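[1] quick one: sequence plus predicted model below, questions after.
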Number of protein chains: 2
Amino acid sequence: MPLKHGLLGLLNYGQMTGYELDKAFKASLNHFWQAQTSQIYRELNVMEKFGWLTSEIIFQTSKPNKKLYSITDSGKLELTHWIAEKNLGEEIQLRNEFLMKLFFAGERNVQENISMLKTFKSKCMEALTKLSQTDHSLDYYRAKLGETDNSKTLYWRLTSQFGQAYLNMCIGFAEESIKTLEE
Amino acid sequence: MPLKHGLLGLLNYGQMTGYELDKAFKASLNHFWQAQTSQIYRELNVMEKFGWLTSEIIFQTSKPNKKLYSITDSGKLELTHWIAEKNLGEEIQLRNEFLMKLFFAGERNVQENISMLKTFKSKCMEALTKLSQTDHSLDYYRAKLGETDNSKTLYWRLTSQFGQAYLNMCIGFAEESIKTLEE
DNA sequence: TGGGTCATGTAACCTGTTACATGATTAG
DNA sequence: CTAATCATGTAACAGGTTACATGACCCA
C-alpha cells in the first residue's frame, strides 16, 4: 500500500494536517506516485482506524478548523517494516499507456506515429523542467525540517535523479524511434 | 482505459477466446501492462455490452465449451480513436513503489539500503532476460498472423526496446547509487 | 467583485487484486 | 498417479478517479 506508507513517511517527519500532507505529497512524491486530494483524506481515516495515526482538532477563528495528524509507535513500526519488505519485484514493473498505444500503432500511417512520438518527446522535456522545480521544493522542506546532515535529503535526491534518468531515456527513445520511422 | 483497448487491439488481429486473449496479453503486453485473468473476463463482458465485441459459443466434446470473441466496427472505431487521442501527458507518469521506499530510506542505516539497491539491480537484470523471451513470442505471433511485412512487428519491437532501455537505465541507476552510498 | 488560499470532505463509479470454484483430458 | 492444460468465471475487497459541496478570508 504505497500511498498509505508515503503518508506515514511524511508524518514521520512531523505532525501535519490533511491539507498540508496533500501539498507536501504533491511537492515531493508526485513525480513517482500520484494521489487525489480526496483519496488522501480517505486514506487518513483508514489509517487512523488501523491505529497508525492519532488526530487532534485545532479550532481556529477566521479560518476553518483543522485536524492535525501524528504518527503513532505502531505507525512507525509499520513504516519500517514496509521499507524492509523483501518483495522488490512487482514493484519494478512498468505500467505505461503510451506504450500500449505505440504497440498498436501499426494500424495507422507512419506520419501520424512520428507526430505522436514528437508529442511524447516534448511532454518528457516539459516533465524534466518540472522535476528541477521538485529539487527546489526539496531544499525548502530540508530547511523546514532543520536538517543539517544529508541523511534524508540524500535519498530524496536519488529519487529525483531516477526521474531525470527516466525522462532522458524516454527522450532518447523517442529520437531513435523517430529516426527509424523516417527511413 | 488501456486494458480494454489492449484487448481490442489484440482482437483486431483476429478472433480469440478469453483464454487465448489472456495468454496473448501475457506474452506480448505484459512488460508494460499487467492484468489478472479474472479482470480480462470481466472487461470482455463490459466491452460486449458496449457493443465493441460480439461473441459466439463454440461447443466442444472432450474439452470445455468456449466463447469466441470478434471485434465489431464500433470496436474498431473506438480503437483508432483511442490511439489518436491527444491526451499524451498523464500517460507518461511514473508510478513506482520502489522509489517510494527509497525516498524514505533515510530512516535506516546505509548498509541495508545498499543491499536493497543490489536486490533491485538483480531483479532488473532478471527482467531483462525475460524481455528477450518476449521478443521470441513476438516472432511466434508474427508467424501466426502470417505477416510478411514489418508494419506491425516494427511497433511491437519498439515497445520491447523501450523496456530494455528502461531496465538498463535502472541498472545504471542502481550502480551509481550504490557507489554514492558506499562513500 | 472576482479569484486564490485555507480546509474539510462525501458519493458514485471504475479499475485492479485476491481467493475461490469446477472438472475433464492429456502427457510424463 | 500427478501435474499441467483447457476454459470459464464469481465475490469480495482495495485502490484510484471524477464530480461536487461548503464557506470565510484576503488581495488586487
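    Sure thing, it's come through.

[2] centre of the chain to the lengthiest helix in chain A, how far?
    For chain A, the longest helix by residue count, based on DSSP state H, is helix A:110-145. Averaged C-alpha coordinates place helix A:110-145 at 13 Å from its chain's average position (CA atoms, centre = their mean, to the nearest Å).

[3] next structured bit after that helix?
    Per DSSP states H and E, the first helix or strand lying C-terminal to helix A:110-145 is helix A:153-182.

[4] angle of that following helix against helix B:153-182?
    Counting by axes from the mean of the first three to the mean of the last three CA atoms, to 10 degrees, helix A:153-182 lies at 160 degrees to helix B:153-182.

[5] what helices and strands are in contact with helix A:153-182?
    In terms of contacts (3 or more CB pairs under 8 Å, 6 or more residues apart in numbering or on different chains; DSSP states H and E), helix A:153-182 is packed against helix A:110-145, helix B:97-103, helix B:153-182. Where you see a C-beta, it was placed from the backbone N, CA and C, and this is true even at glycine.

[6] so the longest helix of chain A, near DNA strand C or not?
    No - Helix A:110-145 lies out of reach of DNA strand C by CB under 7 Å from any atom of the strand, never closer than 13.8 Å.

[7] against which helices or strands is that helix packed?
    helix A:18-28, helix A:97-103, helix A:153-182.

[8] thinking again about what came up before, so which of the helices and strands packed on helix A:153-182 gets nearest DNA strand D?
    Among the helices and strands packed on helix A:153-182, helix B:97-103 comes nearest to DNA strand D, with 9.0 Å by CB to the nearest atom of the strand.

[9] so is the closest one next to chain A?
    Yes - applying CB under 8 Å from any CB of the partner chain, one finds helix B:97-103 in contact with chain A at B:97-103.

[10] which strands and helices lie in contact with that helix?
    By 3+ CB pairs under 8 Å, 6+ apart, helix B:97-103 packs against helix A:2-12, helix A:153-182, helix B:110-145.

[11] returning to that earlier point: looking at the helices and strands packed on helix A:153-182, which is buried most?
    Across those, averaging neighbours per residue (mean count of other CB atoms under 10 Å in any protein chain shown) puts helix B:97-103 on top, at a mean of 23.

[12] give me the mean pLDDT for it.
    For helix B:97-103, mean pLDDT is 96.

[13] I'd like the distance from it to the chain centre, please.
    Worked out by CA atoms, centre = their mean, helix B:97-103 lies 22 Å from the chain centre.

[14] quick one: contacts for the nearest residue to A:L131 once chain neighbours are set aside?
    Excluding the flanking residues, the one nearest A:L131 by CB to CB, 6 or more residues apart in numbering or on different chains is A:G163, at 5.1 Å. Neighbour list for A:G163: A:31-32, A:131, A:134, B:94 [criterion: CB atoms under 8 Å, 6 or more residues apart in numbering or on different chains].

[15] tilt between the helix or strand that A:I40 is a member of and helix A:2-12?
    Here A:I40, judged by DSSP H and E, is contained in helix A:37-50. Helix A:37-50 and helix A:2-12 meet at an angle of 80 degrees, taking the same axes, to 10 degrees as the criterion.

[16] can you tell me which of the residues of helix B:97-103 next to chain A lies nearest to A:L53?
    B:M100 (17.9 Å; CB to CB).

[17] OK, contacts around the closest one?
    Residues near B:M100 by CB under 8 Å, 6+ apart: A:2, A:5-6, A:9, A:29, A:32-33.

[18] what do you get for A:A35?
    So A:A35 contacts A:3, A:6, A:25 (CB under 8 Å, 6+ apart).

[19] give me phi/psi at it?
    Per-residue torsions, A:A35: phi -150, psi 140 (degrees, to the nearest 10).

[20] hmm, back to that, take the helices and strands packed on helix A:110-145 and lay them out in a markdown table including distance to A:S70.
    Below are these laid out as a markdown table (distance: least, CB to CB, whole Å):
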| stretch | distance to A:S70 |
| --- | --- |
| helix A:18-28 | 12 |
| helix A:97-103 | 38 |
| helix A:153-182 | 22 |
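
[21] of all the ones you listed, which one comes closest to A:G75?
    Taking the helices and strands packed on helix A:110-145 one by one with CB to CB, helix A:18-28 is closest: 13.5 Å.

[22] so how far is that closest one from its chain's centroid?
    The chain centre lies 10 Å from the centre of helix A:18-28; the measure is CA atoms, centre = their mean.

[23] buried residues in that helix, which are they?
    Using 16 or more other CB atoms under 10 Å in any protein chain shown as the test for burial, helix A:18-28 gives A:18, A:20-22, A:24-28.

[24] for the closest residue in space to A:Y19 that isn't next to it in sequence, which residues are in contact?
    In space, not counting the residues next to it along the chain, A:Y19 is nearest to A:K66; the distance is 6.8 Å by CB to CB, 6+ apart. For A:K66, the contacting residues are A:17, A:19, A:57-58, A:60, by CB under 8 Å, 6+ apart.

[25] could you work out the most separated pair of the residues you listed?
    The most widely separated members of these, counting by CB to CB, are A:Y19 and A:I57 (13.4 Å).
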